[in-house]
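K.L.:
show me the folded form of this:
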Amino acid sequence: MKEIIAGVVRAHHALASAGQADMVWGHVAVRDPEGRGVWMKAAGWGFEEIEAQRVLLVSWDGEVLAGDGKRHIEYPIHTGIMAARSDVDCTIHTHAMAATAFASLEVPLRAINHDGVPFADPDVPRFTRTGALIRTDELGAALAETLGDARGCLIPQHGLVVAGPDVAHAVMYAVLLDRACRAQLTAIAAGGPKRWSDAEEITTKMAECWPPSQIEAGWNYLTRLRS
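P.N.:
You can find the predicted model right below:
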């Protein structure tokens with residue numbers, strides 16, 4: 001499990017480097033390969049503070065099975081999505097500022113740069129059931145239903161959630177979603193946007209801009225910032 005735990009640690013550090021830390025809130029979770037639940041950071045620590053000894057194994061029912069410390073209240077975000085999607089091995093929840101601000105506008109997210117391509121066709125879903133904490137299995141399942149098979153979801157009054165097949169994809173999705181929201185907020189402030197990629201160009205750019213090799217390149221860059 002050392003590799004899994006190391007991935008959880010690196011993911012938190014990468015997100016901190018990308019500016020998505022929010023004091024001690026937000027979390028990354030990785031599916032336990034033995035099916036026992038998810039590995040995620042202990043509550044009370046910031047992204048940049050996470051080390052191996054601050055990573056817990058949390059069961060599907062919220063019991064801490066390994067590690068020292070308290071689990072996060074919102075663990076159902078991760079267990080709910082992973083229970084619904086066998087293709088997902090990593091989920092992330094942050095309070096990224098641009099994504100949270102953009103979620104309040106109720107306007108479609110446009111692919112006005114490369115960052116928006118993974119989320120604009122169809123439009124990134126919004127979970128509007130509640131902007132409060134997602135602390136029950138029922139809310140976690142509802143969030144997973146809203147997310148569907150998308151790469152990410154905005155939670156107005158709260159933040160973002162992303163889901164990926166591995167840590168690298170999930171971290172990059174979180175970073176790209178927030179950056180796409182920031183780019184559109186900038187365009188809105190300038191009186192736009194007036195141009196963005198259509199569905200055909202989005203398909204082309206997904207293949208050209210975000211193949212696994214480029215996801216890995218971005219992930220490696222973010223992890224190098226900590227070293």
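
K.L.:
per-residue pLDDT, the residue lying farthest from the centre of the chain?
P.N.:
In the chain, the residue that sits farthest from the middle, by CA atoms, centre = their mean, is Gly191; the gap is 29.0 Å. You'll see Gly191 listed with a pLDDT of 97.

K.L.:
measure it to Asn113 for me?
P.N.:
Gly191 sits 17 Å away from Asn113 when distances are taken as CB to CB, to the nearest Å. (Glycine included, C-beta is placed from N, CA and C.)

K.L.:
what about the helix or strand Glu216 falls within, distance to the chain center?
P.N.:
Here Glu216 sits within helix 212-224, counting by DSSP states H and E. Helix 212-224 has its C-alpha centroid displaced from the chain centroid by 16 Å (CA atoms, centre = their mean, to the nearest Å).

K.L.:
can you tell me what sits against it?
P.N.:
The contact list for helix 212-224 (CB atoms under 8 Å, 6 or more residues apart in numbering) reads Arg10, His13, Ala14, Leu15, Ser17, Ala18, Val167, Ala168, His169, Val171, Met172, Val175.

K.L.:
quick one: which of those residues sit in helices?
P.N.:
In helices, judged by DSSP state H, the following of those are found: Arg10, His13, Ala14, Leu15, Ser17, Val167, Ala168, His169, Val171, Met172, Val175.

K.L.:
would you map the strands across this structure?
P.N.:
With DSSP state E as the definition, the chain shows strands at residue ranges 27-31, 37-41, 55-59, 64-66, 90-94, 152-155, 159-164.

K.L.:
average model confidence for the first one?
P.N.:
Strand 27-31 shows a mean pLDDT of 98.

K.L.:
with the third one instead?
P.N.:
The predicted model assigns strand 55-59 a mean pLDDT of 98.

K.L.:
any residues touching it, and which ones?
P.N.:
Residues outside strand 55-59 that contact it (CB under 8 Å, 6+ apart) are 1, 5, 8-9, 29, 32, 36-42, 64-69, 71, 75, 79.
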